[in-house]
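Asker: A predicted structure for the sequence below; I have some questions about it.
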Amino acid sequence: MRPAMKRGISETRDATASPHFKKLPREFFNQPAVDLSKALLGKVLARKLPNGEVLRGTIVETEAYPGTSLSNHRKRSARNAAMFMEPGTAYVYFTYGMYHCFNISAQEEGGACLLRAVEPLQDYASMRELRDRPAKKKKTETGSGKKSKKPWKLYELANGPGKLCLAFDIDRGSCDKQDLVTSDLMWLENSDNESFQPGNFEVEESKRVGIDSSPPESRNQLWRFLIVDNLAVSTAKPHQRISETAGADEVRCVISGFELQNQAVLFC
DNA sequence: AGACTGATAATCT
DNA sequence: GATTATCAGTCTG
């Protein structure tokens, strides 16, 4: 069994604290999608709601979608135009007829980073309301047959790409093409939590999730990054959706940070 | 703890 | 008509 103690879950903080000096500048986003995806881990996503409240959470899982021919070789279209805009532009798309995914454009044209999981910082109550609010009206609204929904754990509020969009009230209409450097609606900050400083956590690299239709040379890349031992990472584990051939090469754990001590292979 | 299923709709070609 | 690629619930062992 794994130890119950996990790193990084923090107390809810004062919602009015808005340390603007921590806001990440353009230069942070001006790096290739793979590098940016790693650099995003441990950063804080801030989102101001229509009522003025600011939600915050620490990014704990990302995926890179480089703009190179290696990966998503998709043409520019009206839908994905944000991926071709300034580094640090929010690209939000609608999927499965129900959910949204939140990406941040990177240096190269057409390159972006998908945010897959966020560890909530503030405000638990607001995020829970947003999660409880069904994306669409459920057909079966019968009062009797309902299984009582168990309250979300803190770390379950945004542990997936669709869930984090719900919890942070992110949708295409309000967030697509927002510039994270200049927008008042959403931006990134450095974390003040010691355990989220670069080099203080381990990063696991694995294959991306849900891209079976991509060509092998793209889908076999280890372009999913998550903070090891963080409870708030998404529930799609590397060994799920990756076929029986999964081996040590496909799930490498390295010490990240920027002093990359290349460590032994751990299978997670 | 893992496998499977159904629900859902804008955008693209 | 094809693409997109999540979540909650349910079943199985």
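Answerer: Looks like it came in fine.
Asker: For the residue nearest to A:E202 when sequence neighbours are not counted, grab the count of nearby residues.
Answerer: Of all residues not flanking A:E202 in the chain, A:V228 sits nearest, at 3.9 Å (C-beta to C-beta, 6 or more residues apart in numbering). For every residue, glycine as well, the C-beta is placed using N, CA and C. Burial of A:V228 is recorded as 17 neighbouring residues (other C-beta atoms under 10 Å).
Asker: just A:L185 next, same as before
Answerer: A:L185: 17 neighbours (other C-beta under 10 Å).
Asker: wait, it sits on A:D176?
Answerer: No - A:L185 lies out of contact with A:D176 (C-beta atoms under 8 Å); the separation is 11.2 Å.
Asker: quick one on the thing from earlier: need the pLDDT of the residue nearest to A:E202.
Answerer: A:V228 carries a pLDDT value of 89.
Asker: Now name the helix or strand holding A:T62.
Answerer: strand A:54-65 (DSSP states H and E).
Asker: Paired strands for that strand, with orientation please.
Answerer: As defined by DSSP bridges, the strand partners of strand A:54-65 come to strand A:44-48 (antiparallel), strand A:112-122 (antiparallel), strand A:224-227 (antiparallel).
Asker: Any buried residues in the first one, and which?
Answerer: By 16 or more other C-beta atoms under 10 Å, the buried positions in strand A:44-48 come out as A:V44, A:L45, A:A46, A:R47, A:K48.
Asker: hmm, back to that, turn the strands paired with strand A:54-65 into TSV, columns for distance to A:S234.
Answerer: As requested, the strands paired with strand A:54-65 are arranged in TSV below (distance: least, C-beta to C-beta, whole Å):
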stretch	distance to A:S234
strand A:44-48	15
strand A:112-122	5
strand A:224-227	8
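Asker: which one of those strands has the most crowded surroundings?
Answerer: strand A:112-122 (a mean of 27; mean count of other C-beta atoms under 10 Å).
Asker: mind exporting it as PDB, just the C-alpha atoms?
Answerer: Taking C-alpha atoms only, strand A:112-122 is exported to PDB below (Å, rounded to 0.1, in the frame of the first residue of the first chain):
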ATOM      1  CA  ALA A 112      -0.100  23.800 -27.200                       C
ATOM      2  CA  CYS A 113      -0.200  22.200 -23.800                       C
ATOM      3  CA  LEU A 114      -3.300  20.400 -22.500                       C
ATOM      4  CA  LEU A 115      -4.000  20.900 -18.800                       C
ATOM      5  CA  ARG A 116      -5.100  17.500 -17.500                       C
ATOM      6  CA  ALA A 117      -5.300  17.900 -13.800                       C
ATOM      7  CA  VAL A 118      -5.100  20.700 -11.200                       C
ATOM      8  CA  GLU A 119      -4.800  20.500  -7.400                       C
ATOM      9  CA  PRO A 120      -7.400  22.900  -5.900                       C
ATOM     10  CA  LEU A 121      -6.100  25.700  -3.700                       C
ATOM     11  CA  GLN A 122      -9.100  27.900  -3.400                       C
END
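Asker: the helices in the stretch 1-150 of chain A, which residues?
Answerer: For the stretch 1-150 of chain A, the helices defined by DSSP state H, counting those that start in this stretch cover A:26-29, A:33-40, A:124-132.
Asker: can you tell which of the ones you listed is closest to DNA strand C?
Answerer: helix A:124-132 (6.4 Å; C-beta to the nearest atom of the strand).
Asker: and the closest one, how far from the chain's centre?
Answerer: Put simply, helix A:124-132 sits 18 Å off its chain's centre (C-alpha atoms, centre = their mean, to the nearest Å).
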